[in-house]
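[1] Build me a model:
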Amino acid sequence: MVVNRIVSFLPSATELLYEFGVEDMLFGVTHECKYPDSAKLKPQVISSVINSDELTSNEINTMTCTLLRDGKDIFKLNEQNLKDANPDLIISQETCEVCAAYTTQVQNALDLLSKKPELYSMDPHNLNEIIQSVTKLGKILEKDQKALEIVNSLEQRIQNIKNSQNSEKPTVLAIEWIEPFFTAGHWIPEMIELAGGINMISKTGEHSRRMEMNEIVESDPDVIILMPCGFDTQRTLSEYNTILKDNSGWNSLKAVQNKQIFAVDANSFFSKPSIRTIEGLEILAKIIQHERFDDLVVTEGSFFHIP
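    You can find the predicted model right below:
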């Protein structure tokens, strides 16, 4: 298969295409493809019907649930931009229908195009599968050597974290949504364990799910990491101050009383199964084993210790 024109329905795939150096072959992206900055200049073939920048967590959740319940689309297809892109290859995913252009829009795209492109679906649920996706995409793009270089670098960074573990491991709860509460599933539990913590409530590979305050109180973790899906650190801090700061149940938690609450840039390093997830692992290591990884350099503003 010869690939000359690509459309990405998946932000993590867009990031990887730039890492492979084939951005000149990328002719269509989604509204969420914002990294690197030049990806924002690509024609958008997918956009969201929900303007999350203007809504609260609860409003976003309510609108999303309503659309899904009523069988309506969360995303819309820009048909003209897709036709202009005229792709040989469309990259999509199956991990989360809320966070990526899912089955309906992929099928709509295939139906719309007279020349049927190849479809590659990325569906990672853990770090190993994220790394495997690099190898697979490299093979499709005939960039096997570059894929090997990327994989070797990622695996070395993971090994560096594995090689430095405390004997005493704190219990850690990651929260993927604040109102209502959602667990952080998929690859996050594994990342917490690799970073030196004991993950609470969720399990590796499981879909994120709704949870109640009583579950959090019963688990009473040593450390809580807030990573609302698609939010950066500042947006998360704003939600925290509005929703949780004065909540009596929340303030009864050991982690709150011991000032072990952290906000992270979920949109960049945790929400998507991208190669930047490995930096997410490094961020977690700095949070969970801060004395051991104090000198580890991560992106400025990628996490914040909530006092």
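
[2] what ranges do the helices span in the stretch 201-307 of the chain?
    Along the stretch 201-307 of the chain, counting by DSSP state H, counting those that start in this stretch, helices occupy 213-219, 233-239, 248-251, 254-257, 266-269, 277-288.

[3] Just tell me which of these ends up closest to N126.
    The closest approach between N126 and any of these, judged by C-beta to C-beta, belongs to helix 277-288 at 10.1 Å. All C-beta atoms are positioned from the backbone trio N, CA, C, and that covers glycine.

[4] That closest one packs against which elements?
    Other helices and strands packing on helix 277-288, by 3 or more C-beta pairs under 8 Å, 6 or more residues apart in numbering; DSSP states H and E, are helix 127-140, helix 144-162, helix 188-194, strand 223-226, strand 261-264, helix 266-269, strand 303-306.

[5] would you list the helices of the stretch 201-307 of the chain in JSON lines and tack on distance to Q105?
    Below are these laid out as JSON lines (distance: least, C-beta to C-beta, whole Å):
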{"stretch": "helix 213-219", "distance to Q105": "34"}
{"stretch": "helix 233-239", "distance to Q105": "26"}
{"stretch": "helix 248-251", "distance to Q105": "37"}
{"stretch": "helix 254-257", "distance to Q105": "39"}
{"stretch": "helix 266-269", "distance to Q105": "21"}
{"stretch": "helix 277-288", "distance to Q105": "24"}
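
[6] Present the ones you listed as TSV; the columns should include mean pLDDT.
    TSV is the format used below for the helices of the stretch 201-307 of the chain (pLDDT from 0 to 100):
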stretch	mean pLDDT
helix 213-219	96
helix 233-239	96
helix 248-251	96
helix 254-257	98
helix 266-269	96
helix 277-288	98
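
[7] I'd like those helices as CSV, with mean neighbour count and distance to H125 appended.
    Output for the helices of the stretch 201-307 of the chain, formatted as CSV (neighbours: other C-beta atoms under 10 Å; distance: least, C-beta to C-beta, whole Å):
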stretch, mean neighbour count, distance to H125
helix 213-219, 14, 22
helix 233-239, 18, 24
helix 248-251, 12, 29
helix 254-257, 16, 27
helix 266-269, 24, 17
helix 277-288, 24, 12
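
[8] Can you say which of these is nearest to E193?
    E193 lies closest to helix 277-288 among these, at 9.7 Å (C-beta to C-beta).

[9] how far does the closest one sit from the chain's center?
    Relative to the centre of its chain, helix 277-288 is centred 14 Å away, using C-alpha atoms, centre = their mean, to the nearest Å.
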